[in-house]
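Peer 1: Kindly generate the corresponding structure for this input.
(one chain, ligands or ions: 1)
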Amino acid sequence: MIQGAESRYSRQFRFAPVGPEGQERIRSASVVLVGCGALGTVTAEILTRAGVGRLRLIDRDFVELSNLQRQFLFSEADAAEALPKAVAAARRLGQVNSEVVAEPVVADLTPASAEELLEGATLIMDGTDNFEARFLMNDYAVRSGIPWIYSAAVGSYGLKLAIVPGRTACLRCVYPEPPQGSQPTCETDGVLAPITASIAALACGDALKILARGPESVTARMTTVDVWTGAVRQTAPPARDPGCPCCVARDFVHLTGQRRAPISLCGRNAVQIHERSRPVDLRELASRLAPLVEVRSNDFAVRASIDSYELTVFADGRAIIKGTTDPGVARSLYARYVGM
Ligand SMILES: [Zn+2]
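Peer 2: Reported below is the predicted structural model:
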């Protein structure tokens, strides 16, 4: 009984704009969250406590000690086990609210995987740290007519913008092309937990409004916050671009194009190899590597320490190589220890 006087959600549906009907709509929603880092884990926890029906958690990475300062849901044990973030997050969320179906997906959002990963979403939440993934989400959301919420944070500064296809500007109306040149990142410039938590909370405010009251209820203002200077700004909703290639011309180049290189830099001093989706038998790989190098493994990944490098291989064949920014070195390690 979700409407009992002291039920789990009573404080939420007593808030009149949600009400029992809004709560029921929240319960019937399927939210897809892309990225389970600092923004994503806070988003996931709020939406799980709010009682969304299904929550798909997509993340390509594993938990590390340097995540714990700002990534809610994760513990030292998760980092010690090198659990995939999606798996660790889903475990914790299952303890928080067992009524929510949390579906962990350890995968990279790419043009090839986007259809399958984003399918069935009522709402898409952005917990990523890169424009490549955001343009992909934008293409998919506009094409499918699904709202999504763009969120970003670095240092002490962050912003969020709800995007409702057909009604508000889309991401490409605001940024026709991904920002060029070197951008500040959380690796190079650091990031404070209060900003990622603030932005995720603001994005979840829009999310609950969209779920409980419908996409037309949200005002697509861009909100920017700086927790260090204290500056909070609300800009007028950005104008739709009458020449937008995405939401006007419906040319979904990020979704259909193969713009993506098979090897990409992934954070500071790390390279990701994802050119092939070729399932790897992790048990077999771990036992093959064990006599050669130091190996740790769990059900989701195998990690090998090779000289000053650290090679982590996931079940879908993807790998993250730490200790280098040279794609050649990364490719060579992958070829030598996993095989091409
Ligand atoms: Zn547009």
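
Peer 1: drop to CA atoms for contacts and neighbour counts, all remaining ones
Peer 2: OK.

Peer 1: continuing past the helix or strand of the chain with the lowest mean pLDDT, what's the next helix or strand?
Peer 2: Counting by mean pLDDT, DSSP states H and E, the chain has its least confident helix or strand at strand 263-265, which shows a mean of 71. Downstream of strand 263-265, the first helix or strand assigned by DSSP states H and E is strand 270-273.

Peer 1: Mind listing the strands that next one pairs with, and their directions?
Peer 2: Using DSSP bridges, strand 270-273 pairs in its sheet with strand 263-265 (antiparallel), strand 319-322 (antiparallel).

Peer 1: Which one of those strands lies nearest to the ion?
Peer 2: strand 263-265 (26.9 Å; CA to the ion).

Peer 1: contacts for the closest one?
Peer 2: Contacts of strand 263-265 with the rest of the structure, by CA atoms under 8 Å, 6 or more residues apart in numbering, involve 271-275, 325, 327.

Peer 1: what does stretch 73-83 give?
Peer 2: Counting by CA under 8 Å, 6+ apart, residues outside stretch 73-83 touching it are 41-42, 45, 62-65, 68, 88-89, 92-93, 298, 300-301.

Peer 1: which regions of the protein lie under the pLDDT threshold?
Peer 2: For the chain, the stretches flagged by pLDDT under 70 are 1-5, 180-183, 188, 257-262, 266-267, 275-277, 340.

Peer 1: mind listing the strands for it?
Peer 2: For the chain, the strands defined by DSSP state E cover 30-34, 54-59, 101-106, 123-126, 148-154, 157-163, 222-226, 232-235, 263-265, 270-273, 294-297, 301-306, 309-314, 319-322.

Peer 1: would JSON lines of those with distance to the ion and mean neighbour count be doable?
Peer 2: Converted to JSON lines, the strands of the chain look like this (distance: least, CA to the ion, whole Å; neighbours: other CA atoms under 10 Å):
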{"stretch": "strand 30-34", "distance to the ion": "21", "mean neighbour count": "26"}
{"stretch": "strand 54-59", "distance to the ion": "25", "mean neighbour count": "25"}
{"stretch": "strand 101-106", "distance to the ion": "29", "mean neighbour count": "20"}
{"stretch": "strand 123-126", "distance to the ion": "17", "mean neighbour count": "26"}
{"stretch": "strand 148-154", "distance to the ion": "13", "mean neighbour count": "25"}
{"stretch": "strand 157-163", "distance to the ion": "10", "mean neighbour count": "25"}
{"stretch": "strand 222-226", "distance to the ion": "15", "mean neighbour count": "19"}
{"stretch": "strand 232-235", "distance to the ion": "18", "mean neighbour count": "12"}
{"stretch": "strand 263-265", "distance to the ion": "27", "mean neighbour count": "17"}
{"stretch": "strand 270-273", "distance to the ion": "30", "mean neighbour count": "22"}
{"stretch": "strand 294-297", "distance to the ion": "44", "mean neighbour count": "17"}
{"stretch": "strand 301-306", "distance to the ion": "38", "mean neighbour count": "21"}
{"stretch": "strand 309-314", "distance to the ion": "35", "mean neighbour count": "22"}
{"stretch": "strand 319-322", "distance to the ion": "33", "mean neighbour count": "25"}
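
Peer 1: Verify the contact between residue 234 and residue 220 for me.
Peer 2: No: taking contacts as CA atoms under 8 Å, residue 234 lies outside contact range of residue 220: 9.9 Å.

Peer 1: quick one: residue 74 from residue 320, how far?
Peer 2: Distance, residue 74 to residue 320, using CA to CA, to the nearest Å: 20 Å.

Peer 1: can you name the two of the contacts of strand 263-265 that are farthest apart?
Peer 2: Farthest-apart pair in those is 275 and 325; separation 16.8 Å (CA to CA).

Peer 1: For residue 98, see how far away residue 68 is.
Peer 2: Distance, residue 68 to residue 98, using CA to CA: 24 Å.

Peer 1: what about these two, which has more around it?
Peer 2: residue 68 (18 against 13; other CA atoms under 10 Å).

Peer 1: now the more buried one, nearest residue through space, not along the chain?
Peer 2: Nearest residue to residue 68 in three dimensions, chain neighbours excluded: residue 74, at 6.5 Å (CA to CA, 6 or more residues apart in numbering).

Peer 1: residues near the one you found, how many?
Peer 2: Using other CA under 10 Å, residue 74 is surrounded by 23 other residues.

Peer 1: For it, what are phi and psi?
Peer 2: Dihedral pair for residue 74: phi -100, psi 150, per degrees, to the nearest 10.

Peer 1: who's in contact with the residue in the stretch 201-340 of the chain that the ion sits nearest to?
Peer 2: Using CA to the ion, the closest approach of the stretch 201-340 of the chain to the ion is made by residue 247 at 4.0 Å. The contact partners of residue 247, taken as CA under 8 Å, 6+ apart, are 142-143, 165-166, 170, 172-173.

Peer 1: Now for those: which two are most distant?
Peer 2: Pairwise distances across the contacts of residue 247 peak at 14.5 Å for 143 and 173 (criterion: CA to CA).

Peer 1: With neighbour numbers in mind, choose between the two.
Peer 2: residue 173 (20 against 16).

Peer 1: Find the residue closest to the more buried one in space, skipping its chain neighbours.
Peer 2: Among residues not flanking residue 173 along the chain, residue 241 sits closest, at 5.0 Å (CA to CA, 6+ apart).

Peer 1: Go through the top helix by length along the chain and flag the buried ones.
Peer 2: The single longest helix within the chain, with elements called by DSSP state H, is helix 193-213. Applying a neighbour-count criterion of 16 or more other CA atoms under 10 Å, one finds 193-204, 206-213 buried in helix 193-213.
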